[in-house]
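Undergrad: build me a structure from this.
(one chain, ligands or ions: 2)
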Amino acid sequence: MTSLETLKQYFGYDSFRLGQEELISDIITGKDVLGIMPTGAGKSMCFQIPALMMEGITLVISPLISLMKDQVAALTQSGIGAAFINSSLSDSQIAKALYNAKNGEYKLMYVAPERLFSYDFIAFARSANIQMLTVDEAHCISQWGQDFRPSYARIPEFIAKLPTRPRVSAFTATATSIVREDILRQLELVNPTVLVSGFDRDNLFFEVKKPEDRFLALMQFLKGKKDRTGIVYCGTRAGVDDVCTKLEKQGFSASRYHAGLSDKERRDNQENFLYDRVQIMVATNAFGMGIDKSNVSFVVHYNMPMNLEAYYQEAGRAGRDGQPADCLLLYGGQDVHTNLWMIDNPRDVEYPDIETEMALKERDRKRLKEMTFYCTTKDCLRGYILRYFGERPENYCGNCANCNTHFETMDVTEEARKIISCVARLKERFGVVVIIGVLQGSKAEKILRLGLDQLSTYGISKVSSAQLRDIINHLILTGGLSKTDDQYPVIRLGQKAGEILRGTEPVIMKLAKDDPTEKPPKKTKTDRSRKQMEQLVTAQGKPSQEEQPAKEPDIALFEKLKELRLKIATEQRVPAFVILHDSTLVDMCVKLPKTMDDLMKVSGIGRVKAERFGEKFLRVIAEH
Ligand code: ADP
Ligand code: ZN
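TA: Ligands and ions are numbered 1, 2, ... in the order given. The predicted structure follows:
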């Protein structure tokens with residue numbers, strides 16, 4: 001069977017996504033690979049397909065119990081032998097799993113890194129036909145990453161204990177080059193194929209708001225999303241408790257997750273969310289790694305996260321199935337101070353020495369600054385993120401709030417020169433507030449006391465404070481000015497200040513128009529889910545064009561199919577998305593299969609799934 005046939009037969013998909021095929025074929029030929037792909041790109045397929053195509057077994061090292069559990073459940077549903085070994089199993093369960101593995105019942109075996117060196121596991125590994133060792137979430141090996149796990153560092157030692165070295169494949173969504181280098185070096189990959197696929201997630205809509213009242217902003221956002229699943233990330237545990245309680249008071253089905261809860265409550269709440277028993281998860285960043293719930297349709301950050309790595313990873317948990325999804329960040333000035341405090345007073349971190357501590361904290365402050373710029377930029381938000389990760393995106397994506405708001409491209413060279421010369425006259429000793437005050441001719445006590453009203457730049461600007469602030473931010477971003485890292489940051493001249501002052505460097509930027517943009521007409525709930533369905537259908541490669549011209553997907557049928565899926569999922573005690581994805585149900589609504597053969601043409605239906613519950617779905621469709 002070819003890799004494409006394997007994909008179709010087991011997972012029901014018709015084509016590979018970007019990068020998958022290349023990695024799979026390199027793995028098959030015996031090469032080591034490192035796949036760097038954004039969350040939701042389909043990394044799992046890159047090792048699951050080769051695992052199915054090769055003799056013997058693939059070991060998958062994975063950091064999280066929940067991740068293993070879901071992946072094994074999904075594989076089992078597709079008729080693939082798989083098991084996991086971690087601390088959630090009893091000794092006898094582990095013995096049984098190893099026994100089955102030895103008898104060739106599994107193609108994939110997931111294992112927690114801490115288990116690798118247990119006596120039983122080593123004994124098993126030395127006698128088994130291990131064709132591949134896969135390291136999932138490989139950034140855990142790097143101290144420079146976010147989720148450093150010391151036991152990952154011992155993986156090479158484990159490999160060395162095997163009678164023959166299997167091919168090694170590693171996967172991560174972490175893009176920064178320092179982490180990438182660390183993975184290659186520490187895992188001792190041999191002449192590996194390194195594939196970095198684009199980090200763009202074009203189904204995600206990005207938005208940043210700076211609301212007076214965050215909860216109100218959240219309520220507005222949630223309006224009309226009563227039937228959608230999402231995550232709300234808060235900066236602190238207290239924030240989580242507060243927001244969760246308020247949401248429940250407002251009639252939302254919400255649950256919470258943070259490190260201050262008992263293990264049991266955390267586990268229960270997470271399960272309720274995974275199994276679609278609650279709609280909104282309110283959580284700290286402790287929640288989510290390894291959560292590959294595919295129908296998360298929004299991620300709201302109630303506070304600004306510490307860096308863009310964390311933000312993109314967390315926001316990226318939305319829309320993993322390729323459906324349109326929303327990522328909203330609520331930003332307040334206080335967030336910067338909270339984060340600075342957290343950088344200076346980190347929880348559960350031990351530094352090997354003072355130099356490392358200084359270097360890491362400095363790095364974190366720098367990242368925080370970039371994060372803050374993201375919150376204030378007027379440029380395309382997607383573009384900002386992608387540039388941060390080293391890509392060169394277009395200026396305009398058309399699918400973020402900044403692109404969609406009405407911007408005017410303006411030549412602000414004149415204003416920029418006033419600002420820069422004001423900074424120079426102030427001897428680079430003041431912050432944004434004073435600079436704006438001087439430019440606008442403020443009579444504030446401080447300005448008068450310091451005699452700043454005597455400066456030649458006093459009162460020379462007619463532009464609003466908000467716009468001045470935007471221009472200053474733009475200048476900081478583009479090198480006309482710079483900003484110190486202190487608690488009370490001071491604005492200094494940047495390396496391009498001279499050119500701008502001399503007029504050799506024009507300053508062109510997008511400035512928000514002063515008039516508020518007109519609000520789009522209110523939509524009803526049905527409108528919205530119809531819209532969602534339409535977007536789903538287009539996102540899936542336009543099946544409606546050839547086969548069902550002008551046919552509208554049927555929302556009532558969609559609901560019925562969801563009901564059936566929930567029933568099956570409950571019986572099997574797995575999350576609904578493990579049975580079938582929303583996108584598969586939508587494709588059913590579009591293709592309206594009548595026979596088993598028809599059903600096999602629906603995206604996401606493999607042979608085993610068709611056999612297991614195909615009849616049930618066909619019946620619901622026929623009755624409908
Ligand atoms: P990652 O691990 O990269 O975050 P996953 O492996 O969980 O992503 O895949 C994300 C989703 O995309 C899963 O629901 C998976 O079934 C789906 N998927 C993966 N590859 C394909 C493909 N070639 N065609 C359609 N869907 C795919
Ligand atoms: Zn954009």
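Undergrad: quick check, Ala97 in contact with Ala82.
TA: No: Ala97 lies out of contact with Ala82 (CB atoms under 8 Å); the separation is 10.1 Å. For glycine as for every other residue, the C-beta is placed from the backbone atoms N, C-alpha and C.
Undergrad: which of these two has more neighbours?
TA: Comparing Ala97 with Ala82 by other CB atoms under 10 Å, the one with more neighbours is Ala82, at 24 against 19.
Undergrad: for Tyr275, see how far away that one is.
TA: Distance of Ala82 to Tyr275, given as CB to CB, to the nearest Å: 20 Å.
Undergrad: could you report the neighbour count for Glu428?
TA: Count around Glu428 with other CB under 10 Å applied: 15.
Undergrad: what is in contact with Ala97 and Ala82 at once?
TA: By CB atoms under 8 Å, 6 or more residues apart in numbering, Ala97 and Ala82 have these common neighbours: Met109.
Undergrad: for the one helix or strand Cys375 maps to, buried residues please.
TA: Taking DSSP states H and E as the definition, one finds Cys375 inside helix 354-376. Neighbour counts over helix 354-376 (16 or more other CB atoms under 10 Å) mark 360-361, 364-365, 367-369, 371-376 as buried.
Undergrad: remind me what that helix packs against, helices and strands.
TA: Contacts defined by 3 or more CB pairs under 8 Å, 6 or more residues apart in numbering; DSSP states H and E place helix 354-376 against helix 308-315, helix 334-344, helix 381-388, helix 465-478.
Undergrad: tell me the angle of the longest one relative to helix 354-376?
TA: Yep, that's helix 465-478 we're talking about. 130 degrees (axes from the mean of the first three to the mean of the last three CA atoms, to 10 degrees).
Undergrad: helix, strand or coil: sort out Val300 for me.
TA: When classified by DSSP: H, G, I helix; E, B strand; the rest coil, Val300 comes out as strand.
Undergrad: list the contacts of it.
TA: Counted by CB under 8 Å, 6+ apart, Val300 has contacts 218, 221, 230-233, 327-330.
Undergrad: and the residues you listed, which of them are in strands?
TA: Of the contacts of Val300, the ones assigned to strands by DSSP state E are 230-233, 327-330.
Undergrad: my read: Val243 touches Met219, true?
TA: No: using CB under 8 Å, Val243 makes no contact with Met219, being 10.8 Å away.
Undergrad: more neighbours, the two?
TA: Val243 (23 against 14).
Undergrad: would you agree that one falls within a strand?
TA: No: counting by three-state DSSP, Val243 is not part of a strand but helix.
Undergrad: quick one: the helices in the stretch 51-200 of the chain?
TA: 65-77, 91-102, 119-127, 155-160, 177-186 (DSSP state H, counting those that start in this stretch).
Undergrad: can I get those helices in TSV including mean pLDDT?
TA: Formatted as TSV, the entries for these read as follows, by pLDDT from 0 to 100:
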stretch	mean pLDDT
helix 65-77	89
helix 91-102	94
helix 119-127	95
helix 155-160	96
helix 177-186	87
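Undergrad: from Gly332, how far off is the closest residue in space to Gly260 that isn't next to it in sequence?
TA: In space, and not counting its chain neighbours, Gly260 is closest to Arg237: 4.6 Å by CB to CB, 6 or more residues apart in numbering. Distance, Arg237 to Gly332, using CB to CB: 18 Å.
Undergrad: which non-adjacent residue is nearest Ala424?
TA: Per CB to CB, 6+ apart, closest to Ala424 is Leu493, 6.3 Å.
Undergrad: same question but for Leu439, I mixed them up
TA: Ser461 (4.0 Å).
Undergrad: kindly report the same for Asp554.
TA: Cys589 (5.3 Å).
Undergrad: CA-only coordinates of whichever helix or strand that neighbour is part of in PDB, if you can.
TA: Cys589 belongs to helix 582-591 when elements are defined using DSSP H and E. Only the C-alpha atoms of helix 582-591 are listed here, as PDB (Å, rounded to 0.1, in the frame of the first residue of the first chain):
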ATOM      1  CA  ASP A 582     -17.300  18.400  12.600                       C
ATOM      2  CA  SER A 583     -15.800  18.800   9.100                       C
ATOM      3  CA  THR A 584     -16.600  15.200   8.300                       C
ATOM      4  CA  LEU A 585     -20.200  15.700   9.400                       C
ATOM      5  CA  VAL A 586     -20.500  18.800   7.200                       C
ATOM      6  CA  ASP A 587     -19.100  16.800   4.300                       C
ATOM      7  CA  MET A 588     -21.800  14.300   4.900                       C
ATOM      8  CA  CYS A 589     -24.400  17.000   4.800                       C
ATOM      9  CA  VAL A 590     -23.000  18.100   1.500                       C
ATOM     10  CA  LYS A 591     -22.500  14.700  -0.200                       C
END
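Undergrad: which other helices and strands contact the very next helix or strand once past that helix?
TA: The helix or strand immediately downstream of helix 582-591 is helix 596-600, counting by DSSP H and E. On a contact count with 3+ CB pairs under 8 Å, 6+ apart, helix 596-600 meets helix 607-623.
Undergrad: got a list of contacts for the helix it packs on?
TA: Residues outside helix 607-623 that contact it (CB under 8 Å, 6+ apart): 9-10, 12, 77-79, 557, 560-561, 564, 568, 579-580, 588, 592-596, 599-600, 605.
Undergrad: dump that helix to PDB, keeping only the CA atoms.
TA: The C-alpha coordinates for helix 607-623 follow below in PDB (Å, rounded to 0.1, in the frame of the first residue of the first chain):
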ATOM      1  CA  ARG A 607     -12.600   1.800   6.200                       C
ATOM      2  CA  VAL A 608     -12.800   0.800   9.800                       C
ATOM      3  CA  LYS A 609     -15.000   3.800  10.800                       C
ATOM      4  CA  ALA A 610     -17.300   3.100   7.900                       C
ATOM      5  CA  GLU A 611     -17.700  -0.400   9.000                       C
ATOM      6  CA  ARG A 612     -18.200   0.400  12.600                       C
ATOM      7  CA  PHE A 613     -20.800   3.100  12.500                       C
ATOM      8  CA  GLY A 614     -21.400   3.800   8.800                       C
ATOM      9  CA  GLU A 615     -24.800   2.200   8.800                       C
ATOM     10  CA  LYS A 616     -26.000   4.300  11.600                       C
ATOM     11  CA  PHE A 617     -25.100   7.500   9.900                       C
ATOM     12  CA  LEU A 618     -26.500   6.300   6.600                       C
ATOM     13  CA  ARG A 619     -29.800   5.600   8.300                       C
ATOM     14  CA  VAL A 620     -30.000   9.000   9.900                       C
ATOM     15  CA  ILE A 621     -29.300  10.600   6.500                       C
ATOM     16  CA  ALA A 622     -31.900   8.400   4.700                       C
ATOM     17  CA  GLU A 623     -34.600   9.100   7.300                       C
END
